[in-house]
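Visitor: any chance you can model this:
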Amino acid sequence: MADLPWKNAMLTDFGNSLSRRGLLGSLTAGVAGAGHAAQTRQPPEHSLLVDLSRGPDSVLIQTESTFENLERHRDEWNRGDVVVRIEGHESSHEPQRTVRIRSPKTAPHRLRLRWLGPTASGLSYLGDAWERSYGDLGWRPLEPERILPWHFLAASGTQIAACGVKTNPSAFCFWQIDPDGVSLWLDLRNGGTGVQLGKRELVAATIVQASYRNVSPFNAARQFCRALCDRRRMPASPVYGGNNWYYAYGKSSADDIRSDSERIASWAPATEANRPFMVIDDGWQPNATAGPWDRGAPQFPDMAKLAADMRRIGVRAGIWTRPLFTKENVPESWRLQSPNARTQFDEHRGVTLDPTIPAVRRRVEEDMRRLAGWGYELIKHDFSTFDLMGRWGFTMDAAITDAGWSFADRSRTNAEIIRSLYEAIREGAGDVMITGCNTVGHLSAGLFEMQRTGDDTSGRGWNRTRKMGVNTLAFRAPQHGAFFAVDADCVGLTNQVPWKYNRQWLDLLARAGVPLFVSAAPNAVGPEQRSAIRAAFETASIAQPLGEPLDWNNNTEPEHWRLQGKVVAYDWFGADGVSPFAG
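Guide: Numbers count the residues shown, from 1 in each chain. Predicted structure coming up:
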């Protein structure tokens, strides 16, 4: 324990029989020791975590062949040509520290910043997800191996500590916590190899730490998300309406969409102030789940006319796209050279595009501009994290992507490349509303009005909707209004999903103050369903206070909510409970 002086001192004072729990509970002040004694002091009295504002105790760099500790010289850490600067500054909210790196010759893979200091015992931790969540968010005890992407909260009663990086960093960042300190990892890679920065200095991330007292963890999370995001972009009015995916699953036509639009319009309030959306999901284009995006399939002969018809019917037209995957003939140089891109070509004969190629970026902008020009007022773009990183969020973990491949432009990090893609989508779409699905929320804040924050719900079974939808609404609701509007996905209203559950899910989404989309099969909507949808649309069309999950500390699919100033209880499980075999 030579490198943990507070432990040495406490063991000397109280004897080796003292337990770790007792030891941590006793600590109220830092103890000087060998090495960087000033940097290994305890956090202030009553703090739950070590104080990050004093700078890290060590900085580690990973390159192609090795992990090495950098040497500290005041506010700089260096080894060879690598120089890391960590600058402290105050903001209007919380103290912040910005991490900068210069590495003209060495191609860095990752940095690890490590703060030493005891962590209070008995805390519960809430982390975020790389892109969408997959029914996997929740408060948990200390798990040293667990990675916490972007930011986390640590709670003990009404005392909450929060650590994170501000939105739009130039690195994929995750935290790890253990009894002896806190680590922040910054993934600087380009694809699965080191980034070639050349002469430029990379502003990798800005670290924020905050503490809250006598507020609920939910409200602390909301405040902290606002502190992390300087730029947010929200819809001009509450978003509600329809989407055809969860009953059609790609089998649809222009006439079907006109019928859907008529039903959605008839269920909406009789006002022109805030008309509902009708989103055409995957299936309108010539190739399933793939481009090109310049025309419709035979059953969608005129996409511009369809958008005009939808407006005439009384809905706002929305459309789905997958911007980086196509089955058209494109130049070889446009193709992404990654293991996943090769697999997708072998299995689906589709090409994954490399957005670092200027011509590909222009193509993305042109596709968005065309969709907007056809008259679509909402563009939902999908699959880009999987197409670029080759993994779904639940398999990314600390690795994020496969090793050994790179983009055509090796001078930018993965985070910078993804952010640049989002900027191209924004630029091409103009003022049209954008929803990101399978996108990285921490990199899209300020560019997209909405974010599909969880994996797909379902029109084929309730288990999936409860797991994906309820979980993401509860645990990512604090990002609503702080980063963007949180879309917890649709009510898949079909005869395969019991109405007793869909009715409750519809009610929660309508009253929680978040976007509401209904994917309603015509044969599943009777008088009771029509009445419930009309009431839900009436509520969702008007701004509502954000719903708060009340039992989220001990239930990953909360059933008790504060909605519109009242406590509401739902029953997500019923007599049959859950099924590990249901989709």
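
Visitor: model confidence for the closest residue to residue 158 other than its chain neighbours, exactly?
Guide: With CB to CB, 6 or more residues apart in numbering as the criterion, residue 158 has its nearest non-adjacent residue at 5.2 Å, and that residue is residue 214. From N, CA and C alone the C-beta is placed, and that goes for glycine too. With respect to pLDDT, residue 214 has a value of 92.

Visitor: what is the burial count for residue 214?
Guide: 9 (other CB atoms under 10 Å).

Visitor: my read: it touches residue 220, true?
Guide: No. Applying CB atoms under 8 Å as the test, residue 214 and residue 220 come out as separate, 9.9 Å apart.

Visitor: which elements pack onto the helix or strand hosting residue 385?
Guide: According to DSSP states H and E, residue 385 maps onto helix 384-389. Using 3 or more CB pairs under 8 Å, 6 or more residues apart in numbering; DSSP states H and E, the elements in contact with helix 384-389 are helix 339-348, helix 414-429.

Visitor: out of those, flag the one nearest residue 155.
Guide: Across those, residue 155 has its closest neighbour in helix 414-429 (28.2 Å, CB to CB).

Visitor: which outside residues touch the helix holding residue 385?
Guide: 130-131, 322-325, 336, 338, 340-341, 344, 352-353, 355, 392-393, 396, 400-401, 414, 417-418, 421, 438-440 (CB atoms under 8 Å, 6 or more residues apart in numbering).

Visitor: what residues sit buried inside the helix or strand following it?
Guide: Following helix 384-389 in sequence order, the next helix or strand is helix 393-396 (DSSP H and E). By neighbour count on 16 or more other CB atoms under 10 Å, the buried set for helix 393-396 is 393, 396.

Visitor: do stretch 325-344 as well
Guide: Under 16+ other CB under 10 Å, the buried positions of stretch 325-344 are 325-327, 330, 334-336, 338, 340-341, 344.

Visitor: which residues of the stretch 201-350 of the chain fall in strands?
Guide: Ranges of strands in the stretch 201-350 of the chain, per DSSP state E, counting those that start in this stretch, are 202-213, 240-243, 277-280, 316-321, 325-326.

Visitor: in JSON lines, list those strands along with distance to residue 50.
Guide: Formatted as JSON lines, the strands of the stretch 201-350 of the chain follow (distance: least, CB to CB, whole Å):
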{"stretch": "strand 202-213", "distance to residue 50": "9"}
{"stretch": "strand 240-243", "distance to residue 50": "44"}
{"stretch": "strand 277-280", "distance to residue 50": "46"}
{"stretch": "strand 316-321", "distance to residue 50": "45"}
{"stretch": "strand 325-326", "distance to residue 50": "44"}
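
Visitor: which stretch among those comes nearest residue 113?
Guide: strand 202-213 (8.1 Å).

Visitor: list the buried ones in stretch 517-525?
Guide: Judged by neighbour count using 16+ other CB under 10 Å, the buried positions of stretch 517-525 are 517-521, 524-525.

Visitor: pretty sure residue 483 sits against residue 232.
Guide: Yes. Applying CB under 8 Å as the test, residue 483 and residue 232 come out as touching, 5.9 Å apart.

Visitor: overlap of the contact sets of those two?
Guide: Common neighbours of residue 483 and residue 232 (CB under 8 Å, 6+ apart) are residue 445.

Visitor: higher neighbour count, these two?
Guide: Between residue 483 and residue 232, residue 483 has the larger neighbour count (other CB under 10 Å), namely 26 against 18.

Visitor: residue contacts, that one?
Guide: Counted by CB under 8 Å, 6+ apart, residue 483 has contacts 167, 225, 228-229, 232, 441-442, 444-445, 451.

Visitor: and with 7 Å instead?
Guide: Applying CB atoms under 7 Å, 6 or more residues apart in numbering to residue 483 gives the contacts 167, 225, 229, 232, 441, 445.

Visitor: farthest-apart pair in the residues you listed, please.
Guide: 232 and 441 (11.3 Å).

Visitor: still on that earlier bit, dump the contacts of residue 483 to TSV, plus pLDDT and distance to residue 510.
Guide: Formatted as TSV, the contacts of residue 483 follow (pLDDT from 0 to 100; distance: CB to CB, whole Å):
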residue	pLDDT	distance to residue 510
167	98	28
225	98	23
229	97	26
232	95	23
441	98	23
445	98	25
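
Visitor: which of the residues you listed lies closest to residue 75?
Guide: Using CB to CB, the contacts of residue 483 come closest to residue 75 at residue 167, 24.3 Å.

Visitor: not counting its neighbours along the chain, what's nearest that closest one?
Guide: residue 445 (4.0 Å).

Visitor: for that neighbour, which residues are in contact?
Guide: 167-168, 229, 231-232, 483-484.

Visitor: and these, which of them are buried?
Guide: Applying 16+ other CB under 10 Å to the contacts of residue 445 flags 167-168, 229, 232, 483-484 as buried.

Visitor: now for those: which two are most distant?
Guide: Taking CB to CB, no two of the buried ones among the contacts of residue 445 sit farther apart than 168 and 484, at 12.5 Å.

Visitor: next one: the residue nearest to residue 158 from residue 335, what distance?
Guide: 56 Å (CB to CB, to the nearest Å).

Visitor: and residue 407, by the same measure?
Guide: Counting by CB to CB, the gap from residue 407 to residue 335 is 11 Å.

Visitor: can you list residues touching both of those two?
Guide: residue 354.

Visitor: show me where the stretch 201-350 of the chain has helices.
Guide: 217-228, 245-248, 254-267, 303-313, 339-348 (DSSP state H, counting those that start in this stretch).

Visitor: please apply the same query to the stretch 351-500 of the chain.
Guide: 358-374, 384-389, 393-396, 414-429, 441-444, 462-464, 471-476, 499-511.

Visitor: adding distance to residue 559, write those out as JSON lines.
Guide: Shown next, in JSON lines, are the helices of the stretch 351-500 of the chain (distance: least, CB to CB, whole Å):
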{"stretch": "helix 358-374", "distance to residue 559": "39"}
{"stretch": "helix 384-389", "distance to residue 559": "31"}
{"stretch": "helix 393-396", "distance to residue 559": "24"}
{"stretch": "helix 414-429", "distance to residue 559": "35"}
{"stretch": "helix 441-444", "distance to residue 559": "25"}
{"stretch": "helix 462-464", "distance to residue 559": "14"}
{"stretch": "helix 471-476", "distance to residue 559": "10"}
{"stretch": "helix 499-511", "distance to residue 559": "9"}
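
Visitor: and residue 288, which of the ones you listed is closest to it?
Guide: helix 384-389 (15.3 Å).

Visitor: quick one: average pLDDT of that closest one?
Guide: Throughout helix 384-389, pLDDT has a mean value of 98.
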